[in-house]
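Visitor: Have a look at this prediction, sequence included:
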Amino acid sequence: MASELIEALEILEKEKDISRESIIGAIENALVTAYKNQYKKKDSILAAENVFAKVNEETGEFYVYAEKTVVEEVENSLLEISLEDARSIYPQCQVGEVVRLAAESKEFSRIATQNAKNVLMQNLREREKDNVYEEFLAKEKGIVTGIVQRFNDQSITINLGKADGILNENEQVKGERLRAGERIKVYVLEVRNTKKSLRILVSRTHPELVRKLFESEVAEVKDGTVEIMAIAREAGSRTKMAVWSNDPDVDPVGACVGMNGMRVNAVVSELKGEKIDIINWSDNPAILIENALSPAKVISVLADAEEKTATVIVPDYQLSLAIGKEGQNARLAARLTGFKIDILNETQAADILDEIYEGDFEGEESEAEEFIDAAEEAAEADAAEDVISDEE
């Protein structure tokens, strides 16, 4: 029996990934439960609540016992035993000593044994669940690979191996068609360990999914040489990502794109064709905003760092590109930079300048002067470009 117990311990330890100490603790709890169920209704010196069990993890031998204090006159039969009864077991014992009263497990009734089995299985399930919880808790705010298992009313169950993840409707990409059995990567939003079950919430829409995908594809991002400073995402459609290099010899955009676009294409493929714009980060708000509006060409940017507002002037033919389809490009640029961005084409800017020069501008004088300076700088830049073009 002892050798069989040791063999069972080794099997459980491997299959369930539960430590031997935890399994032994569960067995000891089960033996205590069987003991109490066996004697709780009997008028016996063994009917004690201070019951203990011990399993030798090397030999597999186990025993159950109750500890009672030897007294002259018993007042609490659950905790005490008379000197006469105690000496029938321990002839040399004295009053005040604590003695152990052993029970033979073979004497346990069928009901007591079944209850012990139920307790053991419950304890093992709880320990297994706790192990899985700790494993996935370490993966919270990271990405894992799962298999689409089944479709519920509004959610999708993703098999993550030892546990299932729940992809709720608001975390699903609109228009993304997933198939049962398909392998996908998901972002682990939250891991909850409830009394009934382990609940793992995952996402396909979270911007951090993009960050983690680039960390897995780009070595420079993983080791910290290239930092992803900001991400703005409309899941399933387009993402803008600003990157910065801590090494002047490393091009952050080039590192993320990879040779022949290999790295960025791997991320795009995982996101099922979602477009990704990678731009250079800058501490200068004007430069950052100009980069964020890529691929549109920008003439000038007037940014107010305190108010977090900016006015951008673009060529007439670039206005629709700067704004983007249904305003997406401008919207993502605003999220990426944290600025409220107003985009004007050259004609609109010229009309405003005319109003300023004619004295019809209703804004602050300093703001008008800044706008004029920005417009004049833009005009000078355009003139310089024309000269270069003529020389060429």
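Guide: On my side now, so go ahead.

Visitor: what about the helices in the stretch 251-392 of the chain?
Guide: In the stretch 251-392 of the chain, the helices defined using DSSP state H, counting those that start in this stretch lie at 252-257, 262-270, 285-292, 319-323, 328-337, 346-358, 365-391.

Visitor: Comparing these by mean pLDDT, which bottoms out?
Guide: Lowest mean pLDDT within those: helix 365-391, a mean of 51.

Visitor: Please report how far the residue sitting furthest away from the middle of the chain lies from Asn76.
Guide: Distance from the C-alpha centroid of the chain, by CA atoms, centre = their mean, peaks at Glu84 (63.7 Å). To Asn76, Glu84 is 17 Å away according to CB to CB, to the nearest Å. Backbone N, C-alpha and C define where each C-beta goes, glycine included.

Visitor: Asp130 now?
Guide: 36 Å.

Visitor: So these two - more neighbours on which side?
Guide: Legend: neighbour count by other CB atoms under 10 Å for Asp130 and Asn76, higher for Asp130 (14 against 11).

Visitor: show me the contacts for that one.
Guide: Asp130 is in contact with Asn193, counting by CB atoms under 8 Å, 6 or more residues apart in numbering.

Visitor: Next one: the residue farthest from the centre of the chain from Gln94, what distance?
Guide: Separation of Glu84 from Gln94 (CB to CB) stands at 13 Å.

Visitor: Then Arg192 would be within a strand, right?
Guide: Yes: assessed with DSSP: H, G, I helix; E, B strand; the rest coil, Arg192 lies in a strand.

Visitor: which residue packs closest to it, ignoring adjacent ones?
Guide: Leaving out its chain neighbours, the residue that sits closest to Arg192 by CB to CB, 6 or more residues apart in numbering is Arg199, at 4.3 Å.

Visitor: residues near the one you found, how many?
Guide: Per other CB under 10 Å, the neighbour tally for Arg199 reads 15.

Visitor: my guess is Leu209 is in a helix, correct?
Guide: Yes: using three-state DSSP, the assignment for Leu209 is a helix.

Visitor: Check the contact between it and Ile143; I expect there is one.
Guide: Yes: counting by CB atoms under 8 Å, Leu209 touches Ile143, with 6.4 Å between them.

Visitor: who touches both of the two?
Guide: Contacts common to Leu209 and Ile143, judged by CB under 8 Å, 6+ apart, are 185-187.

Visitor: quick check, nearest of those to Arg233?
Guide: Tyr187 (11.4 Å; CB to CB).

Visitor: For Val132, see how far away the closest one is.
Guide: From Tyr187 to Val132 the distance is 19 Å (CB to CB).

Visitor: next one: Ile18
Guide: For Ile18, the distance to Val132 equals 11 Å [CB to CB].

Visitor: just the helices in the stretch 51-200 of the chain please.
Guide: Going by DSSP H, counting those that start in this stretch, the stretch 51-200 of the chain shows helices at 83-87, 110-137.

Visitor: Out of those helices, name the one with the poorest average pLDDT.
Guide: helix 110-137 (a mean of 77).

Visitor: what residue ranges in the stretch 151-300 of the chain score low on pLDDT?
Guide: Scanning the stretch 151-300 of the chain for pLDDT under 70 picks out no residues.

Visitor: try 80
Guide: For the stretch 151-300 of the chain, the stretches with pLDDT under 80 are 195-196.

Visitor: just the strands in the stretch 51-200 of the chain please.
Guide: 51-55, 62-71, 80-82, 98-103, 143-151, 156-159, 164-167, 183-193, 198-203 (DSSP state E, counting those that start in this stretch).

Visitor: Dump those strands to TSV, plus distance to Pro252.
Guide: Output for the strands of the stretch 51-200 of the chain, formatted as TSV (distance: least, CB to CB, whole Å):
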stretch	distance to Pro252
strand 51-55	58
strand 62-71	62
strand 80-82	77
strand 98-103	70
strand 143-151	21
strand 156-159	32
strand 164-167	32
strand 183-193	23
strand 198-203	26
